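Peer 1: Provided below are the primary sequence and the corresponding predicted coordinates.
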Amino acid sequence: MQTSVIIPAAGLGKRIGGELPKQYIEINNIPLLVHSIKLFDNIDDVESIVIPVHSEWFSYTKDLIKKFDCKKVKEITIGGQERQESVNAGLHLKAVQESELVLVHDAVRPFASQALLNKLIEAAEEYGAVVPALKPVDTIKEVSHKGYVTKTLEREMLIQVQTPQAFWSNVAVDAYEKAAKAGYRGTDDAALVEFNGYKVYFIDGEPTNIKITTPIDLEFAKLILK
Ligand code: C5P
């Protein structure tokens, strides 16, 4: 299937320190965003990549795309206040509208393997909505705002979800439209598809497909790259 990828990169998250939003931090002299873009270089189905960015970082990103010769990047656009709005901006771009399948991948997850991407695309062609996920190794509890545990969840029935998340493009566009109308906010893309009543399937994710959020994640990232 003709596949496009949205890599939302409009966050200003600086929890790692310094002035750079984390997607521009470099490992091995390559920004995380570029690592994430390059994951799709050799995935034949992927024809186009679009990148929602913060307006202040628009030309900086444009220069990076040129410098690192990211050929599949077809458009850079302005994202929104929240990740959901940034992805929504990507969904409206021509390259995505013309594709049959769309993958949404965090700019700060530079290690998804080629095998995972191929497995995900294959499953998405069949199921229409697929996420990679890991079974939690810790026990997960629900808590109250007052600091008490209110419930221990059944671990066998839980998954921790990663990106890329893959959808038939019409399924994603429809879900994002309905969510906007209903004022629904989800913490991942699949939540919007679920909200719209569509079944989401999951495949095994990868422990190395980490989301870089804190300084310790950067240290893990350097180890993974080695
Ligand atoms: O902040 P968080 O780690 O959840 O961000 C995940 C991804 O979403 C990052 O790639 C970040 O740049 C992106 N994002 C975005 N627009 C926002 C907030 C986050 O594209 N307003």
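Peer 2: Received, thanks.
Peer 1: mind listing what the spatially most central residue of the chain touches?
Peer 2: Per CA atoms, centre = their mean, the C-alpha nearest to the average position across the chain is that of H105, at 2.5 Å. Residues in contact with H105, defined by CB atoms under 8 Å, 6 or more residues apart in numbering, are V5, I6, I7, S36, L39, A112, T163, P164, Q165. Yep, even glycine has a C-beta here, placed from its N, CA and C like the rest.
Peer 1: Going by neighbour count, which of these comes out on top?
Peer 2: V5 (31 neighbours; other CB atoms under 10 Å).
Peer 1: Kindly provide the distance from the residue nearest to the centre of the chain to S59.
Peer 2: Separation of H105 from S59 (CB to CB, to the nearest Å): 23 Å.
Peer 1: ok, now A191?
Peer 2: 33 Å.
Peer 1: Just want to know which of those two has more residues nearby.
Peer 2: Higher neighbour count among A191 and S59: A191, with 19 against 11, using other CB under 10 Å.
Peer 1: Could you pull out the buried residues of the helix or strand containing that one?
Peer 2: Per DSSP states H and E: A191 is located in helix 189-195. Judged by neighbour count using 16 or more other CB atoms under 10 Å, the buried positions of helix 189-195 are D189, A190, A191, L192, V193.
Peer 1: contacts for the next helix or strand after it?
Peer 2: Proceeding N to C from helix 189-195, the next assigned helix or strand is strand 201-204, under DSSP H and E. Residues from elsewhere that reach strand 201-204, judged by CB under 8 Å, 6+ apart: K119, L120, A123, Y127, A129, V130, V131, P132, A133, L134, I159, V161.
Peer 1: go with 6 Å
Peer 2: The contact list for strand 201-204 (CB atoms under 6 Å, 6 or more residues apart in numbering) reads K119, A123, Y127, V130, V131, P132, A133, I159.
Peer 1: Could you report the neighbour count for V143?
Peer 2: Neighbourhood size, V143 [other CB under 10 Å]: 10.
Peer 1: Name the residues linked to it by a beta bridge.
Peer 2: Note on V143: beta-bridge partners by DSSP bridges are V149.
Peer 1: ok so, going back, please list only the buried members of the contacts of strand 201-204.
Peer 2: Buried members of the contacts of strand 201-204, counted by 16+ other CB under 10 Å: A123, Y127, V130, V131, P132, A133.
Peer 1: TSV for the residues you listed, including pLDDT, distance to L12 and secondary structure?
Peer 2: Shown next, in TSV, are the buried ones among the contacts of strand 201-204 (pLDDT from 0 to 100; distance: CB to CB, whole Å; DSSP: H, G, I helix; E, B strand; the rest coil):
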residue	pLDDT	distance to L12	secondary structure
A123	98	33	helix
Y127	98	34	helix
V130	98	30	strand
V131	99	26	strand
P132	99	26	strand
A133	98	28	strand
